[in-house]
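output the structure for:
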Amino acid sequence: MSVPEHEAPGAESYVRLKALGMHLTAHGFTVESVAGGLVVRNETSTARSVCGERGGSGDTITCRPHDGDEGRYWYYTSWRQPIAEAERITDALVVIKGYLGTPA
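Numbering: from 1, shown residues only. All right, here's what the predicted structure looks like:
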């Protein structure tokens, strides 16, 4: 059974976020699926978070077509900044580790 055309972007995003979540978990991040996104936390981070608090850092990652890249799916930060094309999970991991820190 195929996915109806009007549901395809949601299904595509879900599958790509699930794949990213598995990789992030393997690299020591805490991952939780939420409606429309993936909450990613580095519970061991000592970096100052966006809110100014010390301790674990986190972000909600989304996946959607990128208007400037012929509609290819990209991962985005919660502040709508592109992370990497969804086909490039390793690149996404590097960027996420760059701003959330590497779990101990």
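
tell me the helices in the chain, going along the chain?
Along the chain, the segments classed as helices by DSSP state H run 8-26, 89-100.

surely H23 meets I96?
No - at 9.6 Å, H23 does not count as touching I96 under the criterion of CB atoms under 8 Å. From N, CA and C alone the C-beta is placed, and that goes for glycine too.

which of these two has more neighbours?
A direct count of neighbours by other CB atoms under 10 Å for H23 and I96 places I96 higher, at 24 against 15.

now the more buried one: how far from A11?
According to CB to CB, to the nearest Å, I96 and A11 sit 23 Å apart.

ok, now G98?
G98 sits 29 Å away from A11, going by CB to CB.

with Y73 instead?
Going from Y73 to A11 by CB to CB gives 11 Å.

can you pull the pLDDT of the residue nearest the centre of the chain?
Nearest to the geometric centre of the chain sits I61, at 3.3 Å (CA atoms, centre = their mean). pLDDT for I61: 98.

all set, thanks.
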